[in-house]
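> model this:
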Amino acid sequence: MHPIAYLSCMKKQTGLFLVVTVITVCWMFVMRPITPPNIVAFEFARTVDNAITIFMQWGISGVEKAKMSLYFDFVFLVLYSWAISLGCKVVAQYVNIPRLAKTGALLARVIWVAAACDFIENVSLLMAIQEMHAGLMELAFWMAGIKFTIVGIALLFIIIGTFSGLLNRFFRTREA
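So this is what the prediction gives:
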């Protein structure tokens, strides 16, 4: 690819990353008032007894908020996955270390596995709210664990890759 075309593509991708990230953060603020404070505890409840304990803490209105939050999360999972995928791609292009670049390209695709896990988790939890079932709580537990692991690794890559790229550029400009 011609260097000018490459830079133009990178700028467009960086711009899209920033726009999608801002939209994702805005969506988080939309979700905040309807999300119970310990929704993650519900995602990791794993057992019917734990889920019932959380429901009792929430009360009827809290359970309804959780249900609404899970519906809103279907939009959020697309947004955060898209933002993180773009972030991994941008950082992969930004760093001047081939191994990190390959890792970023891989994570940009793997983050969609996290989105699929989040989708399955949400469906499981919505079904469990309607009729509590041990299998649904177990499935939600594992999907949440996989999702958070992948998201955590991808975000860590973005942070480390960004700092690595900045340090690389800093030392290159100091030598020049």
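> okay, now residue 144: neighbour count?
When counting by other C-beta atoms under 10 Å, one arrives at 23 neighbours for residue 144. Where C-beta positions appear, they are placed from N, C-alpha and C, glycine not excepted.
> mind listing what residue 44 touches?
Contacts for residue 44 (C-beta atoms under 8 Å, 6 or more residues apart in numbering) come out as 141, 144-145.
> and it, how far is that from residue 143?
10 Å (C-beta to C-beta, to the nearest Å).
> just to revisit the earlier point, I'd like the contacts of residue 44 laid out as TSV, including distance to residue 108 and pLDDT.
Output for the contacts of residue 44, formatted as TSV (distance: C-beta to C-beta, whole Å; pLDDT from 0 to 100):
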residue	distance to residue 108	pLDDT
141	27	98
144	22	98
145	21	98
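> which among those residues gets closest to residue 164?
Set against residue 164, the nearest of the contacts of residue 44 by C-beta to C-beta is residue 145 (27.8 Å).
> now that closest one, nearest residue through space, not along the chain?
residue 44 (7.5 Å; C-beta to C-beta, 6 or more residues apart in numbering).
> how about the contacts made by residue 13?
So, once contact is read as C-beta under 8 Å, 6+ apart, residue 13 ends up touching 86, 89-90, 93.
> number of residues surrounding residue 46?
Neighbour tally, residue 46, other C-beta under 10 Å: 17.
> could you point out which element follows the helix or strand bottoming out on mean pLDDT in the chain?
Among the helices and strands of the chain, helix 3-31 carries the lowest confidence by mean pLDDT, DSSP states H and E, at a mean of 82. Remark: after helix 3-31, the chain's next helix or strand is helix 39-43, criterion DSSP states H and E.
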